[in-house]
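Enquirer: Pasting a predicted model and its sequence here:
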Amino acid sequence: SMIQLSSFIKLIQNIVRIQIHIFSGMRRSEVISLKYDCLKEDVYDGKKFYFLEGVTTKLSRSAKKSRWIIAPEAIDGINICKQITASVAAACNLSNPNSLYLFTNVKHIGRTFFSIDTDSVSSFQSSQVLTKLLQLFEGDLVIQEEDLTELNMLSPTRNWSVEEKYKLGKTWPLATHQFRRSLAFYIAQSGLVSLPSLKQQLKHLTNQMTLFYAKGSGAQLSFFMQDNKEHFIAEINSVKPVADALFF
């Protein structure tokens, strides 16, 4: 129905938001504040790469312009959200959508008594919503024996068995910040990206914070299939020179 249309569009926005978290390691506030024209592309050593331009407040007391490398898998979704924002701009008779947010508020669509607020962002709620979204792709995200074994390998000094939310058979407790931690861990374990480059991508003030995020990456977990060109390891290989160049 028309009333449900805005909820459906916001679902699309939310899925794209999660994609950006997964493939860039950006913080929640950094993703939410992205503008319509945030997606950029460039060519380095004959290869096209993508990055997002936005702002972060973690490197100084005020908002500082920054950019994050983003994997190609997230580009289609970002362009869909740009089309949504452009449609809102057109409905508001705005000649240029660049002043609007990438995840512009869509709650007014299909509703008679809601005024259009072009200077606000769609609200993305709790971890329950995040869990439901991921279930669209993975099914039930239930903690299994091998998951607990892996947790103990990654952080053997932590007593996982006494933590209620990590009990066997429970649904994984999820938050968008976990994608950021996972990306740091994943890249650090690859050994292909230097610590300063990872620090640059995560917008950390210190190397120590980056090391903390990558904690446990020395564990012998077989995440990497070196000969598989479709695996994310290939993407890490391709962006390493760019990440190093950006840091320089």
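Expert: Ah, there it is.
Enquirer: ranges for the helices of the chain?
Expert: Along the chain, the stretches classed as helices by DSSP state H are 2-24, 28-32, 75-91, 127-138, 145-154, 177-190, 195-202, 207-213, 232-247.
Enquirer: and the last one, average pLDDT?
Expert: The average pLDDT within helix 232-247 is 67.
Enquirer: just the fifth one next, same as before
Expert: Confidence over helix 145-154, taken as the mean pLDDT, stands at 83.
Enquirer: now that we're looking at the nearest residue to Leu34 once chain neighbours are set aside, which residues does it contact?
Expert: Nearest non-adjacent residue to Leu34, counting by Cβ to Cβ, 6 or more residues apart in numbering: Leu102, 4.3 Å away. All C-beta atoms are positioned from the backbone trio N, CA, C, and that covers glycine. By Cβ atoms under 8 Å, 6 or more residues apart in numbering, the residues touching Leu102 are Leu34, Lys35, Tyr36, Cys38, Ile78, Cys81, Lys82, Thr85.
Enquirer: ok, these vs Asn96, which is closest?
Expert: Closest approach to Asn96 among the contacts of Leu102 (Cβ to Cβ): Tyr36, at 8.8 Å.
Enquirer: Let me know whether that closest one touches Ile84 as I believe.
Expert: No: assessed by Cβ atoms under 8 Å, Tyr36 is found out of contact with Ile84, at 9.9 Å.
Enquirer: hey, what's in contact with both of these two?
Expert: In contact with both Tyr36 and Ile84: Thr104, using Cβ under 8 Å, 6+ apart.
Enquirer: hang on, the earlier thing: neighbour-wise, which one of the contacts of Leu102 leads?
Expert: Cys81 (26 neighbours; other Cβ atoms under 10 Å).
Enquirer: do you know how far Gln13 is from Gly54?
Expert: 16 Å (Cβ to Cβ, to the nearest Å).
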